[in-house]
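Asks: next one to model:
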Amino acid sequence: NRKIPYSYRSFLRHYSRYADKYKATLRIRRKPGEILEVDWAGSTTFVIDRDTGEKIKAYVFVATLPCSQLSYAEATLSMDLHSWITAHNHAYKYFGGTTQIIVPDNLKTSVTKHTTRELVLNTTYREMADYYNTVVMPARVRTPKDKASVEGSVGVISTWIIAALRNTHCFSIDELNEEVWTKLAEFNQRPFTRKKGCRLSAFEEEEKFALSPLPSVPYKMSEWKTAKVRPDYHISVESMFYSVPYEYINRQVEVKFSDDLVEIFFNHMRVASHKRLYGKFGQISTIRDHMPDNHKLFVDQTREAAIEWAESIGSSTLNVVQYILDTFQTEKQALQSIFSLKKSERRYTKYEIERACKMVISMTKRPTVKSIQTILKNNKKNDAEQELKRKTDTSKHNYGFTRGASYYGGTDK
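Replies: As a prediction, the model looks like this:
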């Protein structure tokens, strides 16, 4: 702190020497179709609310091709991720192709983390770049020269378009964009001062051929979030519920959702996908294969499913099930009774169930599930006793000739 300060003239002299040595500027000749620089304009415009007369702020997205200096501009009501991605789609459509590299600023909508050692892109933005087969290379932090073309275009467009529209009253974002695109066409067709042609003609002659072709459909934006699988093996996405295989209960999963699809990933592997639900909150989309076996049995309690199950067992079982369905006062009671019979498959084979149903039909005209379960238990017990008796009888009569010890040179005692 005891250093002697420079005088103003001495500081200027020393700084001038430093700047001459270290502040040299390299003019880079851009390749056609290589880079697209994108940013939000610093100045804003507005639309007017028809009902209140209030001015609602609108933001201007700017994209520039550094080689030809052709620019695209669009007004949006927000600078959120959806507006950012939509503006990119429209810019690519305007240029009629894609570039090898996108150079954005370090906005949260494009970059999650950017240090000298690590670059983490926003997941949706990276996905969009992959879809258009391009690479995102953000400008270094606080280094506007990394995207000098769009910085220059932002300044010019702020004057040429935004300032020119300050007295134009638009009542919707679509009306405002019509005005913006009219001014944009004038801007891109304005003759250069020091050379022949304009931005549009330079693009047509020097750069259009180098752009990569567009996909058949524009990128459909999807968002990502993390969610915990609930005990009912569902996750919540904007108050709608989607099922996941029950093995993932209490696990953290990644959810990707677009306008028409919800996909669930665990350790980067897709484990479920659903058509996206809209309308009343609390709707549920459940895939049967995601359920535990006992839940499948419960949800399968319908008249048709009961008859289908009985047919798979045999004709006697079908007769019993049909009788239960026809005689119970309510279908729900009948289905609950059949459900308890279906659970018998855990302990007994289809043959054993069919045999028990055949026996109960021969005994009574009013078969009940309880009587069938009793017969199943007795049959199982009788079968076990018969099997044990058979084995015992076999072992008693299972003998042969036995040679004595003397045969092998020993002595019998």
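Asks: can you give me the strands in the stretch 101-250 of the chain?
Replies: Using DSSP state E, counting those that start in this stretch, the strands of the stretch 101-250 of the chain run over residues 101-103, 111-114, 119-121, 135-136, 223-228, 234-237, 240-243.
Asks: of all those strands, which one is nearest Met79?
Replies: Smallest distance to Met79 across the strands of the stretch 101-250 of the chain (C-beta to C-beta): 14.0 Å, for strand 111-114. For glycine as for every other residue, the C-beta is placed from the backbone atoms N, C-alpha and C.
Asks: give me the contacts around that closest one.
Replies: For strand 111-114, contacts defined as C-beta atoms under 8 Å, 6 or more residues apart in numbering pick out Pro104, Asn106, Leu119, Val120, Leu121, Asn122, Tyr125, Pro138, Arg140, Val141.
Asks: could you list the low-pLDDT ranges of the protein?
Replies: Where the chain drops to pLDDT under 70, the residues are 1, 22-30, 114-118, 140-154, 393-413.
Asks: what packs against the lengthiest helix in it?
Replies: In the chain, assigned by DSSP state H, the helix with the most residues is helix 369-397. Helix 369-397 is packed against helix 331-342, helix 350-363, with contacts defined by 3 or more C-beta pairs under 8 Å, 6 or more residues apart in numbering; DSSP states H and E.
Asks: element containing the residue nearest to Phe339 when sequence neighbours are not counted?
Replies: Spatial nearest neighbour of Phe339, chain neighbours left out: Gln301 (5.6 Å); criterion: C-beta to C-beta, 6 or more residues apart in numbering. Take DSSP states H and E as the rule and Gln301 turns out to sit in neither a helix nor a strand.
Asks: what number of residues lie near Gln301?
Replies: Neighbours of Gln301 under the rule other C-beta atoms under 10 Å: 16.
Asks: quick check: phi and psi at it.
Replies: phi -80, psi 80 (degrees, to the nearest 10).
Asks: any idea how far it is from Lys343?
Replies: The gap separating Gln301 from Lys343 is 12 Å, by C-beta to C-beta, to the nearest Å.
Asks: ok, Ser239 next?
Replies: Taking C-beta to C-beta, one finds Ser239 at 35 Å from Lys343.
Asks: what of Tyr233?
Replies: Distance, Tyr233 to Lys343, by C-beta to C-beta: 21 Å.
Asks: these two: who's more crowded?
Replies: Legend: neighbour count by other C-beta under 10 Å for Tyr233 and Lys343, higher for Tyr233 (22 against 12).
Asks: ok, the more buried one touching Val244?
Replies: Yes: contact status for Tyr233 versus Val244: in contact at 5.6 Å, counting by C-beta atoms under 8 Å.
Asks: which residues are common contacts for these two?
Replies: By C-beta under 8 Å, 6+ apart, Tyr233 and Val244 have these common neighbours: His290.
Asks: ok, back up a step: mind listing what's buried in the longest helix of the chain?
Replies: Using 16 or more other C-beta atoms under 10 Å as the test for burial, helix 369-397 gives Val369, Ser371, Ile372, Gln373, Ile375, Leu376.
Asks: any idea which of those is the one closest to Ser273?
Replies: Of all the buried residues of helix 369-397, Val369 has the smallest distance to Ser273: 39.3 Å, by C-beta to C-beta.
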